[in-house]
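Enquirer: give me coordinates for this.
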Amino acid sequence: MTARTATHMGLRPKHVPQRTCVGCGTVTAKRALVRIVRGPEGEVRPDLTGKAPGRGTYLHASRSCWESGLNKKRLERSLNVTLTPASREALSTYSTTLPEDTDA
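Expert: I've put the predicted structure just below:
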């Protein structure tokens, strides 16, 4: 009997979706990032389930990534929208609940 690899036996490693953090540019597993969504009515909000309809972008769950995403307009560019002051304030408020830094 010849030696067979895992792929020949029908056992493939599970695919892990990868996404890029718009704050720091690091490619990471989708589950390790927080999705921000621009909804059908144009509102921008965090999507903790990752399933809300609309255009989405991803950030690490660290304050430094959120600050660079908001201050350098990377979120606006990625979502193709101009953030309203109310949306910007809501995202800033959410970012204050996040840890100062992670292993991003």
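
Enquirer: mind listing what's buried along stretch 55-66?
Expert: 56, 57, 58, 59, 60, 61, 62, 63, 64, 65, 66 (16 or more other C-beta atoms under 10 Å). In short, each C-beta sits where N, CA and C put it, glycine included.

Enquirer: could I get those residues as TSV with pLDDT?
Expert: Below are the buried residues of stretch 55-66 laid out as TSV (pLDDT from 0 to 100):
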residue	pLDDT
56	96
57	97
58	97
59	97
60	95
61	94
62	94
63	94
64	94
65	95
66	95
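
Enquirer: and these as TSV, adding distance to residue 40 and secondary structure?
Expert: Compiled in TSV, the buried residues of stretch 55-66 are given as follows (distance: C-beta to C-beta, whole Å; DSSP: H, G, I helix; E, B strand; the rest coil):
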residue	distance to residue 40	secondary structure
56	13	strand
57	16	strand
58	19	strand
59	21	strand
60	26	strand
61	25	coil
62	29	coil
63	29	helix
64	31	helix
65	26	helix
66	24	helix
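
Enquirer: longest helix in the chain, please.
Expert: As assigned by DSSP state H, the longest helix anywhere in the chain is helix 85-96.

Enquirer: low-confidence ranges in this structure?
Expert: For the chain, applying pLDDT under 70 flags the ranges 1-9, 102-104.

Enquirer: dump stretch 74-84 to CSV, keeping only the CA atoms.
Expert: C-alpha atoms of stretch 74-84 as CSV (Å, rounded to 0.1, in the frame of the first residue of the first chain):
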residue,chain,number,x,y,z
ARG,A,74,-10.0,54.7,5.8
LEU,A,75,-13.5,53.5,6.9
GLU,A,76,-15.1,56.2,4.7
ARG,A,77,-13.0,55.1,1.7
SER,A,78,-13.6,51.4,2.2
LEU,A,79,-17.4,51.9,2.6
ASN,A,80,-17.8,54.5,-0.1
VAL,A,81,-19.6,56.9,2.2
THR,A,82,-19.0,60.1,4.1
LEU,A,83,-19.6,59.5,7.8
THR,A,84,-22.2,61.7,9.4
